[in-house]
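Provide a 3D model corresponding to the input given below.
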Amino acid sequence: MISSVIRYPLLFIFFVMLQVLILNNIQLSGYINPYLYIIFILWLPVDGNKVLLMAVSMLLGLSVDIFSNSVGMHASACVFLAFCRPYILQSLAPRDGYETDQVPDIKTLGLNWFLAYAGICVLLHHLFLFYVEIFRFDDFFSTLGRVISSSIFTLILIIIAQLFRYNPSRRI
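Have a look, this model is predicted:
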């Protein structure tokens, strides 16, 4: 309990700073924008309070918005992801269900499960974010290309971050 009280605020600060100082400055051909900060939402415990999840997601998105000067787009996309996350977790739930305070990651639930979970979450976040950013359907296919390419790149970064966290010699 105490370790999570210390760990989550530090992770919050780390991912916001990583996003605004490094990843916001990476734009590959203006088409791929990595948004690794959403891994913080993905790593929150499965059985957490939904209102708290949405409030923390709002704060995360608002923090990125303040540094990125993006007028609430990240905040709204993060709240949308936080709203959808319990339904995604419910649809991907293992047969035995989730354990108390379980964190969805590769170590506890496996690579295939995590790829499905993170892939759906990243795709939903990016769809919402990029279509709110453009706010019209004139460039629908161009924006869809940006969504798919940025989602793939972000998912690769999330898997790499997940592998840094994964230690096969350590027991649960």
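
which stretch of helix or strand covers the closest residue to residue 50 other than its chain neighbours?
Using C-beta to C-beta, 6 or more residues apart in numbering and skipping residues adjacent in sequence, the residue nearest residue 50 is residue 86, 6.1 Å away. No exception for glycine: its C-beta is placed from N, CA and C like everyone else's. For residue 86, the host element (DSSP states H and E) is helix 73-91.

check which element follows that helix along the chain.
Immediately after helix 73-91, counting by DSSP H and E, sits helix 106-109.

what does the following helix or strand past that following helix rub up against?
Using DSSP H and E, the helix or strand that follows helix 106-109 in sequence is helix 111-134. For helix 111-134, the external contacting residues (C-beta atoms under 8 Å, 6 or more residues apart in numbering) are 35, 38, 41-42, 70, 73-74, 76-78, 80-81, 84-85, 88-89, 92, 94, 104-106, 109, 143, 146-147, 150-151, 154-155, 158-159, 162.

same check on stretch 100-107?
42-47, 89, 108, 114, 117, 159, 162-163, 165-167, 172.

swap in stretch 49-66?
12, 15-16, 19-20, 37, 40-41, 44, 70-79, 81-83, 85-86.

tell me the mean pLDDT over it?
The average pLDDT within stretch 49-66 is 94.

distance from the chain centre to it, please.
12 Å (C-alpha atoms, centre = their mean, to the nearest Å).

can I get stretch 48-66 in PDB, CA atoms only?
Extracted C-alpha coordinates of stretch 48-66, given in PDB (Å, rounded to 0.1, in the frame of the first residue of the first chain):
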ATOM      1  CA  GLY A  48      -9.800   0.700  -8.600                       C
ATOM      2  CA  ASN A  49     -12.600   3.300  -8.000                       C
ATOM      3  CA  LYS A  50     -13.900   4.400 -11.400                       C
ATOM      4  CA  VAL A  51     -14.500   8.000 -10.300                       C
ATOM      5  CA  LEU A  52     -10.900   8.200  -9.000                       C
ATOM      6  CA  LEU A  53      -9.700   6.600 -12.300                       C
ATOM      7  CA  MET A  54     -11.400   9.300 -14.300                       C
ATOM      8  CA  ALA A  55     -10.200  12.100 -12.000                       C
ATOM      9  CA  VAL A  56      -6.600  10.900 -12.200                       C
ATOM     10  CA  SER A  57      -6.900  10.500 -16.000                       C
ATOM     11  CA  MET A  58      -8.300  14.100 -16.300                       C
ATOM     12  CA  LEU A  59      -5.400  15.400 -14.200                       C
ATOM     13  CA  LEU A  60      -2.900  13.400 -16.400                       C
ATOM     14  CA  GLY A  61      -4.400  14.800 -19.600                       C
ATOM     15  CA  LEU A  62      -4.600  18.300 -18.200                       C
ATOM     16  CA  SER A  63      -1.000  18.100 -17.200                       C
ATOM     17  CA  VAL A  64       0.100  17.200 -20.700                       C
ATOM     18  CA  ASP A  65      -2.300  19.900 -22.100                       C
ATOM     19  CA  ILE A  66      -0.800  22.600 -20.000                       C
END
